[in-house]
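[1] Kindly return the folded structure for what I paste below:
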Amino acid sequence: MNKRPKNFALNFFWLLIFLPINPVELYSQSLPQNGIPFHSLDIALEHAEDKLNGTLLELNYNPTLHPSETSRETGKWDTSKLDRYEWTSGFFSGSLWYMYKITGDENWKEFAESWTEDLEDAATISYDHDTGFRIFNSFGNGYKLLKNRSYYSVLLRGANTLSNRYNPTIGAIKSWDWLDTANFPVIIDNLMNLELLFWTADTIENEELYNQALSHADLSLTHHMRDDGSTYHIVDFSDEGTVLKKFTTQGCNSTAPGCGDRSVWARGQAWAVYGFTMIYRFTNEDRFLQAAIKASDYFIENLPEDRVPIYDFLEPVPSVRSKDASASAIVASGLFELYSYTKNVLYFNTAVDILESLTSDNYSTINSDSNAILKKSTIHRGKGNVGTSYADYYYLEAIIRYMELVQSDFPNIEPEIKLYLDQNYPNPFNNSTLIYYSTEQEGRVELAIYDYTGRLVQTLVDRSLPSGNYNILFNSSGLPSGIYFYVLRSNKQTLSKKMTLLK
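    Have a look, this model is predicted:
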């Protein structure tokens, strides 16, 4: 695949010619009261398109390669961190989906589909909490745009994988299996992956998934957040659920020379801003909104003039005070959403200021050979001044959220409704299970259950339906354990899947 998407900048140029007013004036009509416009929007979009194209070329259009971070020496994507098992593997495909949302260009869609579909096996990676980063940013963004039921099925598998890391005694999801200095580490980043659980719980009306995500959110609120709104990176728990210690490994590590026990890792603080805001979206519980406000106020009050913090707000050693553009990109996106709930224009304007700074020569790669969109992110203490796929992803997401808030027009993207039959969830199941299916055109639809001998057990659906996505609960009361088949028929097409009943 070597197609290059149409040039968004050229389209934007012709748009400027025929608009009766300039873009800033157009957007200002929908700005919040006392809100400021993002003057560099057109520059940001042109630059993002150019660098995403550059990355595709650098990767030789190979969708099995998923960029994570750049080399400080070359500025190119680090070839040792390109596989689907990296925690960052979902961000590049997510950025491709965002570019498709912005432009409506079918080439971006094709690229996004290719990079997303390579990540399907990542839905079952079970040794860490990062399923949400890998799967929700890729398949989740694709599903939101296309309503592709195969993507939906992958999202359910990912949610099930993440759910299996939940410990009911502690009330949280274990972040890492590999950290030998902790018993049951829960990191602030884990808030972000709760979105996969909350979204799935909401979509399939699964109370267990919702309660797991809510319990983890409450535990993090209690133990990660300090009184001043700053946050710890890691909280380690005993098997009984008591706190063993609170520390950091990616901020100013307490074991490193010059660092004390206190640390406020900037990206971790950004996860808190974004994470608690997102949790409020799903729960509508005021305590999470207040946590988001508290974390945001700390972040904003401690920002330097250029609106991009050093990697740890409390780093005492000048020689390692590297900037972290990724923290600001994450916060900008989170602040736009927080503004939508609070109507506090400080959050909107700070997010715009951050975008302006990130689009400047100081943080943009516009005058660089690097194919990252942003430069000057920090992975951990001593490893700064790199580009990262997650900084780019949240930068694009923040731009989209700005455009949505000022009511910019996006291309009309039609969902792809096809005849599709999902794997029932849960499977195996006891007593009841949900079956999801799609019909691509209006017509007679039949959905029936058969036992392993081919005997009809129950007809769940037998009527005319419009095209669309559907689900139905199958109650197996009175049936013995065993293998069953469910068969979907519509418009002379037939699909079937196997399910297992265990009692």
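[2] and the next element down the chain from the host helix or strand of R157?
    Using DSSP states H and E, R157 sits in helix 149-163. Per DSSP H and E, the first helix or strand lying C-terminal to helix 149-163 is strand 166-167.
[3] Against which helices or strands is that next one packed?
    Counting contacts by 3 or more Cβ pairs under 8 Å, 6 or more residues apart in numbering; DSSP states H and E, strand 166-167 is packed against strand 172-173, helix 207-223. From N, CA and C alone the C-beta is placed, and that goes for glycine too.
[4] Just the mean pLDDT for the last one, thanks.
    Going back to what we said before, that points to helix 207-223. Helix 207-223 shows a mean pLDDT of 97.
[5] With the shortest one instead?
    Averaged across strand 172-173, the pLDDT comes to 98.
[6] list the helices and strands that strand packs on?
    Packed next to strand 172-173, using 3+ Cβ pairs under 8 Å, 6+ apart, are strand 166-167, helix 190-204, helix 207-223.
[7] circling back: comparing the helices and strands packed on strand 166-167, which comes out most buried?
    Comparing the helices and strands packed on strand 166-167 by mean neighbour count (mean count of other Cβ atoms under 10 Å), strand 172-173 ranks first with a mean of 26.
[8] List the neighbouring strands of the helix or strand immediately after it in the chain plus their orientation.
    Using DSSP H and E, the helix or strand that follows strand 172-173 in sequence is strand 185-187. Next to strand 185-187 in the sheet, as set by DSSP bridges, lie strand 234-237 (antiparallel).
[9] Figure out how far the partner strand is from the centre of its chain.
    Relative to the chain's own centre, strand 234-237 is displaced by 23 Å; criterion: Cα atoms, centre = their mean, to the nearest Å.
[10] CA atoms of that strand as CSV?
    What follows is strand 234-237, C-alpha atoms only, in CSV (Å, rounded to 0.1, in the frame of the first residue of the first chain):
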residue,chain,number,x,y,z
ILE,A,234,2.5,4.2,42.3
VAL,A,235,0.6,2.9,45.3
ASP,A,236,1.6,-0.6,46.4
PHE,A,237,-1.0,-2.8,48.3
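[11] Just confirm D369 contacts T70, I think it does.
    No - using Cβ atoms under 8 Å, D369 is not in contact with T70; the gap is 10.5 Å.
[12] which residues touch W176?
    Y127, D128, H129, A182, P185, I187 (Cβ atoms under 8 Å, 6 or more residues apart in numbering).
[13] JSON lines please, covering the helices and strands packed on strand 172-173 and showing distance to I135.
    Below are these laid out as JSON lines (distance: least, Cβ to Cβ, whole Å):
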{"stretch": "strand 166-167", "distance to I135": "17"}
{"stretch": "helix 190-204", "distance to I135": "7"}
{"stretch": "helix 207-223", "distance to I135": "14"}
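[14] of D369 and T70, who's got more company?
    Between D369 and T70, counting by other Cβ atoms under 10 Å, T70 is the more crowded of the two (24 against 9).
[15] can you tell me how far the residue lying closest to the more buried one once chain neighbours are set aside sits from S368?
    Nearest non-adjacent residue to T70, counting by Cβ to Cβ, 6 or more residues apart in numbering: G387, 4.0 Å away. G387 sits at a distance of 9 Å from S368 (criterion: Cβ to Cβ, to the nearest Å).
[16] check which helix or strand covers A398.
    A398 belongs to helix 389-405, assigned by DSSP H and E.
[17] do Y280 as well
    helix 266-283.
[18] Can I get that helix as CSV, trimmed to CA atoms?
    Extracted C-alpha coordinates of helix 266-283, given in CSV (Å, rounded to 0.1, in the frame of the first residue of the first chain):
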residue,chain,number,x,y,z
ALA,A,266,4.1,15.6,35.3
ARG,A,267,2.6,12.9,33.0
GLY,A,268,1.2,11.1,36.0
GLN,A,269,-0.5,14.4,37.0
ALA,A,270,-1.8,14.6,33.4
TRP,A,271,-3.3,11.1,33.7
ALA,A,272,-5.1,12.3,36.8
VAL,A,273,-6.5,15.4,35.1
TYR,A,274,-7.7,13.4,32.1
GLY,A,275,-8.6,10.2,34.0
PHE,A,276,-10.9,11.7,36.7
THR,A,277,-12.6,13.9,34.1
MET,A,278,-13.3,10.9,32.0
ILE,A,279,-14.6,8.9,35.0
TYR,A,280,-17.0,11.8,35.8
ARG,A,281,-18.3,11.5,32.2
PHE,A,282,-19.4,7.9,32.9
THR,A,283,-20.4,8.1,36.6
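[19] Next, the angle helix 207-223 makes with the helix or strand following it.
    Downstream of helix 266-283, the next assigned helix or strand under DSSP H and E is helix 286-301. Orientation note: helix 286-301 sits at an angle of 50 degrees relative to helix 207-223 (axes from the mean of the first three to the mean of the last three Cα atoms, to 10 degrees).
[20] ok so, going back, tell me what the helix holding Y280 is packed against?
    Packing contacts for helix 266-283, counted by 3+ Cβ pairs under 8 Å, 6+ apart, involve helix 190-204, helix 207-223, helix 286-301, helix 325-342.
[21] ranking these by burial, who's on top?
    helix 325-342 (a mean of 27).
[22] Check which helices and strands that helix is in contact with.
    helix 266-283, helix 286-301, helix 345-359, helix 389-405.
[23] quick one: which of those is nearest P428?
    Closest to P428 of these, according to Cβ to Cβ: helix 266-283, at 28.1 Å.
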